[in-house]
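> Just to be clear, the model below is a prediction. Sequence and coordinates:
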Amino acid sequence: LKPPICPYCKQDSKLVKGDTIYPHQKDLHAKSFYLCAPCNAWVGCHPSSIAPLGILADKDLRRARRTAHLALDPLWRNDTTRRQARARTYNWLSRQLCIPLSECHIGMFDLERCSRTVQLCEAKGRQT
Ligand SMILES: [Zn+2]
């Protein structure tokens with residue numbers, strides 16, 4: 001498995017453990033990440049694997065993705081049928097963004113998709 005390319009400097013990232021990135025968060029120390037130290041960009045891996053969750057993100061993109069999650073998650077999280085509600089919400093979002101469901105993961109989004117997601121969720125929130 002080749003480490004993902006850093007989208008900022010186009011160099012290979014490096015596989016590291018969570019203690020490198022979050023020295024004060026012990027619960028993350030065993031988790032794997034891909035890091036580009038010069039760009040201070042990273043991405044986490046799927047649980048107990050070294051498969052990256054998405055594309056490396058720098059500080060601005062990490063903040064944008066957090067904001068997108070904060071806008072999107074309430075649309076399904078409080079539903080009693082969480083699993084279906086989550087699937088429905090991601091189906092809706094992929095249609096709105098005109099992207100395949102397989103690409104509809106906030107961890108894969110760039111800045112523009114993140115801000116579009118926030119707009120869409122706010123508009124949807126106003127409707128209901
Ligand atoms: Zn880089």
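Cool, the structure landed. Residues are numbered from 1 along each chain as shown.

> Which residues are in contact with the nearest residue to Cys39 once chain neighbours are set aside?
Nearest residue to Cys39 in three dimensions, chain neighbours excluded: Tyr8, at 4.4 Å (Cβ to Cβ, 6 or more residues apart in numbering). Just so you know, the C-beta spots here come from the backbone N, C-alpha and C atoms, and that holds for glycine as well. Neighbouring residues of Tyr8 by Cβ atoms under 8 Å, 6 or more residues apart in numbering: Cys36, Cys39, Ala41, Leu56, Asp58.

> Among those, which ones are in strands?
With strands taken from DSSP state E, the overlap with the contacts of Tyr8 comprises Cys36, Ala41.

> Now narrow the contacts of Tyr8 to whatever sits close to the ion.
Cys36, Cys39 (Cβ under 5 Å from the ion).

> so can I have JSON lines of the contacts of Tyr8 showing neighbour count and pLDDT?
Formatted as JSON lines, the contacts of Tyr8 follow (neighbours: other Cβ atoms under 10 Å; pLDDT from 0 to 100):
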{"residue": "Cys36", "neighbour count": "23", "pLDDT": "98"}
{"residue": "Cys39", "neighbour count": "17", "pLDDT": "96"}
{"residue": "Ala41", "neighbour count": "21", "pLDDT": "97"}
{"residue": "Leu56", "neighbour count": "24", "pLDDT": "94"}
{"residue": "Asp58", "neighbour count": "16", "pLDDT": "96"}
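
> A helix includes the residue nearest to Cys39, no?
No: counting by DSSP: H, G, I helix; E, B strand; the rest coil, Tyr8 is located in no helix; its state is coil.

> Verify the stated contact: Trp76 with Ala85.
Yes: if you go by Cβ atoms under 8 Å, Trp76 and Ala85 touch, sitting 3.9 Å apart.

> Low-confidence bits of the chain, can you list those?
Within the chain, the ranges that satisfy pLDDT under 70 run 128.

> Nearest spatial neighbour of the residue nearest the centre of it, chain-adjacent residues omitted?
For the chain, the residue sitting closest to the mean C-alpha position, by Cα atoms, centre = their mean, is Gly107 at 1.9 Å. Distance criterion Cβ to Cβ, 6+ apart; nearest residue to Gly107, sequence neighbours excluded, is Gly54 at 3.3 Å.
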